[in-house]
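Student: Pasting a predicted model and its sequence here:
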Amino acid sequence: MKWSEISIHTTHEATEAIANIFHEAGASGVVIEDSTEPDRIHEDRYGEIYELDKNDFPTEGVIVKAYLPVNSFLIETVQEIKLSIEGLSSFGLDAGSNAVHSNEIDEEDWATAWKKYYHPVKISGRFTIVPTWEQYKRVESDELIIELDPGMAFGTGTHPTTVLCLQALEKYVKHGDQIVDVGTGSGVLAIGAALLGADKVHALDLDEVAVRAAKENVNLNKVEDIVDVKQGDLLTSVKAPADIIVANILAEVIMSFSQDAYTILPSNGLFIVSGIIGQKRDLVKNDLIDKGFEIIESVLMEDWVAIVAKKKGV
């Protein structure tokens, strides 16, 4: 089969939103080439392999690549993608120049070439993200390994916003907790919560593609008895109080359901949120405070923010 590689040079701020637009358009995979990646300091104590060539990355911003089958609908699909990206401005996101480039490739080339970007990465004190095709041996006895296939979901689980959420879950999840993961995407946060000892995890996403991907990853990590993946939103899908609600979504989306989160959480329940660009940190913090939350901590990583808020005792 022939595939069309559609690439868009965009900003760091709009990267996740554009990747989601690609998936909603039927993309079979997404590659993110971040200009900052080659210059990051990577530890190699845990068996990770980093052989990054700066020539493989843009000099600034981010290039997001998606792969669509070459068919009679391709032109219309690309136009719809461009319109959706232009619409991001209504959410306050700057998508950059929005220049679209395409390149036709064979399925065999796509199936192998993109894997060179992804290797096992230790992202916190206990979590290591491992692509399914990589061999990896546990280094520490309490190490938690999350296996992911990036080709079937929304990324490798190593984006700063995901890392921040997993680090927060590692810090706050207790055995027996009830967890809700809103906008689960690949399911990585739900899987992480299950591995940390949560009694039940409700993983929710409005996108049916994400729901299928999350279910596959949940089964891959053998936590299907703990994680329940459903298509839906917070209030209509969750019937019982949750000890922790986690959401790695856009700042505007977080604020749109923060009141629902407050309603569902019990006194002293935690709301862990990320997907927030640095310049919108105060906007989200003020919204949470207005809804009745107390800010426990706010953590910055590469201009991305995670906030942990607690519902005040009533």
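Tutor: That came through fine.

Student: Assign Ile254 to helix, strand or coil.
Tutor: With DSSP: H, G, I helix; E, B strand; the rest coil as the basis, Ile254 sits in helix.

Student: and if you look at Val64?
Tutor: strand.

Student: Report the contact partners of it.
Tutor: With contact set as CB atoms under 8 Å, 6 or more residues apart in numbering, Val64 has these partners: 7-8, 10, 15, 18-19, 22, 30-33. Placement of C-beta: from N, CA and C, glycine included.

Student: now swap in Glu13 and tell me
Tutor: Glu13 neighbours (CB under 8 Å, 6+ apart): 93-94, 277.

Student: hmm, back to that, where strands are concerned, which of the contacts of Val64 count?
Tutor: 7-8, 10, 30-33 (DSSP state E).

Student: what's the following helix or strand after the lowest-mean-pLDDT helix or strand in the chain?
Tutor: Within the chain, no helix or strand scores below helix 107-113, which has a mean of 57 by mean pLDDT, DSSP states H and E. Next helix or strand after helix 107-113 toward the C-terminus (DSSP states H and E): strand 121-122.

Student: helices or strands up against that following strand?
Tutor: If you count contacts as 3 or more CB pairs under 8 Å, 6 or more residues apart in numbering; DSSP states H and E, strand 121-122 packs onto strand 127-131.

Student: From the contact counts, what lies against the helix or strand just after the strand it packs on?
Tutor: Using DSSP H and E, the helix or strand that follows strand 127-131 towards the C-terminus is strand 144-148. Under the contact definition 3+ CB pairs under 8 Å, 6+ apart, strand 144-148 sits against strand 127-131, helix 188-195, helix 208-220.

Student: Now strand 144-148: average pLDDT?
Tutor: The pLDDT scores in strand 144-148 average 92.

Student: CA-only coordinates of that strand in CSV, if you can.
Tutor: As requested, the backbone C-alpha atoms of strand 144-148 are provided in CSV (Å, rounded to 0.1, in the frame of the first residue of the first chain):
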residue,chain,number,x,y,z
LEU,A,144,7.5,-0.3,36.9
ILE,A,145,7.6,-1.0,33.2
ILE,A,146,4.9,0.4,30.9
GLU,A,147,5.0,-1.2,27.4
LEU,A,148,3.6,0.9,24.6
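
Student: quick one: that strand to chain centroid distance?
Tutor: Taking CA atoms, centre = their mean, to the nearest Å, one finds strand 144-148 lying 14 Å from the centre of the chain it belongs to.

Student: List the strands paired with that strand, with their directions.
Tutor: strand 127-131 (parallel) (DSSP bridges).

Student: what's the strand it pairs with in contact with?
Tutor: Contacts for strand 127-131 (CB under 8 Å, 6+ apart): 46, 115, 118-123, 136, 139, 143-150, 156-158, 166-167, 170, 188, 192.

Student: what's the angle from it to helix 188-195?
Tutor: 130 degrees (axes from the mean of the first three to the mean of the last three CA atoms, to 10 degrees).

Student: so how far is strand 127-131 off the chain centroid?
Tutor: 14 Å.

Student: So for it, what gets flagged as buried?
Tutor: For strand 127-131, a neighbour-count test (16 or more other CB atoms under 10 Å) marks 127-131 as buried.

Student: could I get that strand in PDB with only the CA atoms?
Tutor: Extracted C-alpha coordinates of strand 127-131, given in PDB (Å, rounded to 0.1, in the frame of the first residue of the first chain):
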ATOM      1  CA  PHE A 127       8.600   4.200  35.700                       C
ATOM      2  CA  THR A 128      10.300   3.100  32.500                       C
ATOM      3  CA  ILE A 129       8.500   3.400  29.200                       C
ATOM      4  CA  VAL A 130       9.400   0.600  26.800                       C
ATOM      5  CA  PRO A 131       8.400   0.300  23.100                       C
END
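
Student: contacting residues around Ala306?
Tutor: 161, 164-165, 167-168, 272-274, 276, 298-299.

Student: Please repeat the previous calculation with a cut-off of 7 Å.
Tutor: Going by CB atoms under 7 Å, 6 or more residues apart in numbering, Ala306 touches 164-165, 168, 272-274, 299.

Student: per-residue confidence at it?
Tutor: 96.

Student: so it sits in a helix?
Tutor: No. With three-state DSSP as the criterion, Ala306 is located in strand rather than a helix.

Student: export stretch 200-218 as CSV, just CAs?
Tutor: C-alpha atoms of stretch 200-218 as CSV (Å, rounded to 0.1, in the frame of the first residue of the first chain):
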residue,chain,number,x,y,z
LYS,A,200,-9.8,0.7,40.0
VAL,A,201,-9.0,3.1,37.2
HIS,A,202,-11.7,4.6,34.9
ALA,A,203,-10.0,5.6,31.6
LEU,A,204,-12.2,8.0,29.6
ASP,A,205,-11.8,9.5,26.1
LEU,A,206,-14.3,11.0,23.7
ASP,A,207,-12.3,9.7,20.7
GLU,A,208,-13.1,6.1,19.7
VAL,A,209,-9.7,5.7,18.2
ALA,A,210,-8.1,6.5,21.6
VAL,A,211,-10.5,4.1,23.3
ARG,A,212,-9.4,1.3,21.0
ALA,A,213,-5.7,2.2,21.4
ALA,A,214,-6.0,2.4,25.2
LYS,A,215,-7.7,-1.0,25.4
GLU,A,216,-4.9,-2.6,23.4
ASN,A,217,-2.2,-1.0,25.6
VAL,A,218,-4.1,-2.0,28.8
